[in-house]
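Engineer: I would like to see how this sequence folds:
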Amino acid sequence: MAQPQKRQQIRGGRPQTRKSPSRTKRAYNLVINFAECWKDQDDALRLAKALQQKLKHAGWDCYLDTVDDWDEFEKKVSSAIRQKSYAIVVGGGDGSVRTAAALVARAKRLMGILPFGQFNNIFHSLYGDNDPELGIEIITDGFQQRIDAGLANGTFFVGSLVSGIVPSMMEQLGNNKYPRLAMSWGKMAAKAVDETMPQSTVIKVDSFTFEAQPLLLQVHLLPRLMSLRFASAAGFDDGRLVLVYDKNGNRDMMSQYIRDLRKDKYQYNDGIQMIRGTRISIRPAEGRKWIMDSDPVEFSGNDISIEVLNKAVRVFGLKPKDKK
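Structural biologist: Residues are numbered from 1 along each chain as shown. Here you go, the predicted structure:
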């Protein structure tokens with residue numbers, strides 16, 4: 001995996017930069033979105049306060065806000081950006097990260113993540129685990145990296161845009177925790193297959209155009225989705241999208257495919273393929289359920305055009321020795 005171009009670390013309360021930040025920039029804003037908090041709220045608040053104390057001991061001002069609706073969450077993140085905080089730390093799931101990342105990228109600020117959501121695909125993809133304690137360690141270490149983002153018909157995303165069986169699998173899960181056993185995953189996939197109809201689709205990856213009837217249609221910037229490693233070829237800063245799809249809507253293979261993914265054993269082949277590119281278009285978009293970073297999304301019109309914003313979001317990163 002590529003090394004970050006810039007690294008910073010907190011030492012004695014001051015980041016290692018050529019020019020020390022002004023007092024107005026020497027603050028962290030922690031915004032916890034209880035509207036997307038799958039972790040016990042008291043425990044989430046305890047973890048956020050633990051990070052707050054660590055940062056204060058390092059000499060930083062640190063403000064903590066908790067909200068319980070999406071509009072207020074967006075307002076709090078926007079307010080932190082206007083205050084020119086050194087970093088905005090988001091506590092929530094993938095939807096919270098995506099919402100904040102769009103604002104942070106536009107303002108060219110720095111973002112941290114505390115994974116409190118159902119799947120935390122973005123955090124898990126970036127850092128190799130799904131542990132809020134790891135998030136605290138990464139933020140207090142202070143190293144930075146830049147990650148890619150994407151635009152799908154102008155809508156910003158960070159992790160993935162998917163259709164096919166995955167939206168049906170997520171509906172089955174509802175508010176429950178995802179299963180641990182591969183057999184349970186396979187049963188969920190089999191039911192999703194019965195609820196999903198393959199649809200003739202024209203797909204263009206860069207200059208290559210082809211047709212398919214997929215039950216699985218996914219565009220990834222990051223590898224994980226529903227905690228599974230669907231797109232092992234996806235890199236967080238390589239400027240590439242990864243398309244995962246099946247050519248012929250083969251219902252019989254899907255349950256085994258999901259079981260193998262749960263075991264990290266699936267080898268992509270002619271049945272289900274991965275293709276890398278910088279721009280992907282899909283037609284038709286209508287008549288499908290779409291999930292973007294774990295949230296439902298709708299598109300107007302019949303075409304989706306997806307492109308990469310290379311290294312658009314600045315986030316805290318792993319120490320070089322911790323990179324896998």
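
Engineer: got any ranges where the stretch 201-324 of the chain has weak pLDDT?
Structural biologist: 322-324 (pLDDT under 70).

Engineer: what ranges do the helices span in it?
Structural biologist: 251-262 (DSSP state H, counting those that start in this stretch).

Engineer: mind giving me the packing neighbours of the helix ranked longest in the chain?
Structural biologist: Taking DSSP state H as the criterion, the chain has its longest helix at helix 41-57. The helices and strands touching helix 41-57, judged by 3 or more Cβ pairs under 8 Å, 6 or more residues apart in numbering; DSSP states H and E, are strand 27-33, strand 61-67, strand 87-92, strand 110-115, helix 132-141. Any C-beta I mention is one placed from the backbone N, CA and C, and that applies to glycine too.

Engineer: now that helix - C-alpha only, CSV.
Structural biologist: What follows is helix 41-57, C-alpha atoms only, in CSV (Å, rounded to 0.1, in the frame of the first residue of the first chain):
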residue,chain,number,x,y,z
GLN,A,41,-24.5,5.5,23.8
ASP,A,42,-22.9,5.6,27.3
ASP,A,43,-20.0,3.5,26.1
ALA,A,44,-19.6,5.7,23.0
LEU,A,45,-19.6,8.8,25.1
ARG,A,46,-17.0,7.3,27.4
LEU,A,47,-14.7,6.6,24.5
ALA,A,48,-15.2,10.0,23.1
LYS,A,49,-14.3,11.6,26.4
ALA,A,50,-11.3,9.4,26.7
LEU,A,51,-10.0,10.7,23.4
GLN,A,52,-10.9,14.3,24.5
GLN,A,53,-8.8,13.8,27.7
LYS,A,54,-5.8,12.4,25.8
LEU,A,55,-5.8,15.4,23.4
LYS,A,56,-6.2,17.9,26.2
HIS,A,57,-3.2,16.3,28.0
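
Engineer: give me the contacts around that helix.
Structural biologist: 10, 28, 30, 32, 34, 37, 62, 64, 66, 89, 91, 114, 116, 132-133, 135-136, 139-140 (Cβ atoms under 8 Å, 6 or more residues apart in numbering).

Engineer: which parts of it are buried?
Structural biologist: 44-45, 47-48, 51-52, 54-55 (16 or more other Cβ atoms under 10 Å).

Engineer: just the helices and strands packed on helix 41-57: most buried one?
Structural biologist: Comparing these by mean neighbour count (mean count of other Cβ atoms under 10 Å), strand 87-92 ranks first with a mean of 28.

Engineer: now the angle between strand 61-67 and the helix or strand that comes right after that strand, please.
Structural biologist: Under the assignment DSSP states H and E, the closest C-terminal helix or strand after strand 87-92 is helix 94-107. Here the directions of helix 94-107 and strand 61-67 differ by 130 degrees (axes from the mean of the first three to the mean of the last three Cα atoms, to 10 degrees).

Engineer: any idea of the angle helix 94-107 forms with strand 110-115?
Structural biologist: Using the same axes, to 10 degrees: helix 94-107 against strand 110-115 is 180 degrees.
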